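# one predicted model, sequence on top.
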Amino acid sequence: GESVGLHLPTLSVQEGDNSIINCAYSNSASDYFIWYKQESGKGPQFIIDIRSNMDKRQGQRVTVLLNKTVKHLSLQIAATQPGDSAVYFCAEIEAGNMLTFGGGTRLMVKP
Amino acid sequence: GAGVSQSPSNKVTEKGKDVELRCDPISGHTALYWYRQSLGQGLEFLIYFQGNSAPDKSGLPSDRFSAERTGGSVSTLTIQRTQQEDSAVYLCASSLGPGQLYEQYFGPGTRLTVT
């Protein structure tokens, strides 16, 4: 079946720099996308979402960009902090309620 | 406020034994989901409960897996005759309602190790 995946398994950034985490999806019918953050030993935590009728959505220090033409989703984190170190998953909603998750990208923030 | 809770947090069992994993959703949440997360992998959907409707079991990997939700609240995921490939973190999530408008809140997970 169609799936969601990530380009980079590990991303290492310097504290204070901006981070960009990418995600490719293949289900053109998906119309809702979510980014989750998962810290070690914890469940995923919702960060930000975007609907397919939008190209960009901003939150606090985070921005999600959606490019439907190339089926690409990205999460931008401004002024990355040590507390941002975690695994980040993109997910899409399909079949009504079932989230399909990508494999995750580990973000490591160097002090 | 109280979030989604799961118990036990860790479970080690011998191959062939049955295990029960428990999920307490957020009070008032009508939707409940079970996911499985293998080491270094994304989350795999297992089963979905919405109110009193029949659950969506389309993600259960085999007939050794079953789940129930009593009284529209607490849910139990049961794995019979466990195998080593069942080793994973089992995550439960709940949401206020069905569909895309409702954010899913995840519990901390139960780490299952089958020896």
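Here it is on my side, so go on. In this text the structure is predicted, and so the values were computed from the model without any measurement. Numbers count the residues shown, from 1 in each chain, chains lettered A, B, ... in the order given.
# confidence score at the nearest residue to A:K110 once chain neighbours are set aside?
Spatial nearest neighbour of A:K110, chain neighbours left out: A:Q14 (5.3 Å); criterion: CB to CB, 6 or more residues apart in numbering or on different chains. (C-beta placed from N, C-alpha, C; glycine too.) pLDDT, A:Q14: 97.
# got it, and A:T100?
80.
# find the closest residue to chain B in chain A.
A:G43 (3.2 Å; CB to the nearest CB).
# would you map the strands across chain B?
B:5-7, B:10-13, B:19-24, B:31-37, B:43-50, B:65-69, B:75-79, B:88-95, B:105-106, B:110-114 (DSSP state E).
# could you export these as TSV, including distance to A:I21?
Output for the strands of chain B, formatted as TSV (distance: least, CB to CB, whole Å):
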stretch	distance to A:I21
strand B:5-7	27
strand B:10-13	29
strand B:19-24	29
strand B:31-37	18
strand B:43-50	16
strand B:65-69	32
strand B:75-79	30
strand B:88-95	21
strand B:105-106	19
strand B:110-114	25
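# still on that earlier bit, can you count the residues close to the residue nearest to the residue of chain A closest to chain B when sequence neighbours are not counted?
Counting by CB to CB, 6+ apart, B:F106 is the residue found nearest to A:G43 once chain neighbours are left out, at 3.2 Å. By other CB atoms under 10 Å in any protein chain shown, the residues close to B:F106 number 22.
# check contacts around B:F106.
Listed by CB atoms under 8 Å, 6 or more residues apart in numbering or on different chains, the contact set of B:F106 reads A:G43, A:P44, A:Q45, B:V4, B:L91, B:C92, B:A93.
# again, only using 7 Å
In this structure, B:F106 makes contact with A:G43, A:P44, B:V4, B:L91, B:A93, judged by CB atoms under 7 Å, 6 or more residues apart in numbering or on different chains.
# could you check how far whichever residue of chain B sits closest to chain A is from B:Q6?
Nearest residue of chain B to chain A (CB to the nearest CB) works out as B:F106 at 3.2 Å. With distances taken as CB to CB, to the nearest Å, B:F106 is found 9 Å from B:Q6.
# buried sites along stretch A:37-45?
A:K37, A:Q38, A:G43, A:P44 (16 or more other CB atoms under 10 Å in any protein chain shown).
# skipping adjacent residues, who's closest to the last one in space?
In space, and not counting its chain neighbours, A:P44 is closest to A:Y36: 3.8 Å by CB to CB, 6+ apart.
# check which element follows the helix or strand encompassing the one you found along the chain.
Assigned by DSSP states H and E, A:Y36 belongs to strand A:32-38. Downstream of strand A:32-38, the next assigned helix or strand under DSSP H and E is strand A:45-51.
# partner strands of that next one, with direction?
strand A:32-38 (antiparallel) (DSSP bridges).
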